[in-house]
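[1] I'd like to go over a predicted model; first the sequence, then the structure.
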Amino acid sequence: MASRPRQAVIARCSFCLKANTEVGTLVAGPGVFICDQCVALCSQVIAGKPASVPQIAPWEAEATLEEVLRNLAPVAGAATQVEESLAAWTTKARSLGATWAQIGDALGITRQSAWERFSGEE
């Protein structure tokens with residue numbers, strides 16, 4: 001029996017960091033991704049959410065030092081993926097003729113800052 005060729009890792013879920021090769025479906029948004037497993041979990045949370053649940057940022061919730069430290073690597077991984085996606089979108093914009101001023105305007109930064117961050121030149 002022939003083995004299936006290995007699928008390339010294209011992106012990871014922005015929530016659980018599982019690669020597209022580890023999940024059934026990975027849905028892409030502008031610079032973020034969510035897998036079918038996290039969508040299912042979100043649906044369960046939304047369906048069972050009482051009206052009085054306070055909305056707080058995850059880092060504001062009570063947590064032990066171990067829980068906080070355990071979350072640092074996944075958050076850094078998500079940040080790296082977002083930065084790589086932003087660089088790829090910027091490269092795409094440049095290939096379509098965007099100026100550094102247009103890219104800066106879209107990002108809310110100066111033309112010079114956009115060039116310094118994404119041009120690859122030092």
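    Thanks, I have the structure now.
[2] Against residue 115, how distant is the spatially most central residue of the chain?
    Computing the C-alpha centroid of the chain and ranking residues by Cα atoms, centre = their mean puts residue 32 first, at 3.6 Å. Residue 32 is 25 Å from residue 115, where distance means Cβ to Cβ, to the nearest Å. Where C-beta positions appear, they are placed from N, C-alpha and C, glycine not excepted.
[3] follow-up on the earlier one: check the secondary structure at the closest residue to the residue nearest to the centre of the chain other than its chain neighbours for me.
    Sequence neighbours aside, residue 14 is the residue nearest to residue 32 in space, at 4.4 Å (criterion: Cβ to Cβ, 6 or more residues apart in numbering). Under DSSP: H, G, I helix; E, B strand; the rest coil, the three-state class of residue 14 is coil.
[4] what's around residue 14, how many residues?
    For residue 14, the neighbour count with other Cβ atoms under 10 Å is 22.
[5] What of residue 106?
    Neighbour tally, residue 106, other Cβ under 10 Å: 13.
[6] mind listing what's buried in whichever strand or helix holds residue 27?
    Element membership of residue 27 [criterion: DSSP states H and E] is strand 26-28. For strand 26-28, burial by neighbour count (16 or more other Cβ atoms under 10 Å) applies to residue 26.
[7] Show me how far the strand or helix carrying residue 102 is from its chain's centre.
    Remark: residue 102 resides in helix 100-107, with elements defined by DSSP H and E. Remark: helix 100-107 is offset 21 Å from the chain centroid, using Cα atoms, centre = their mean, to the nearest Å.
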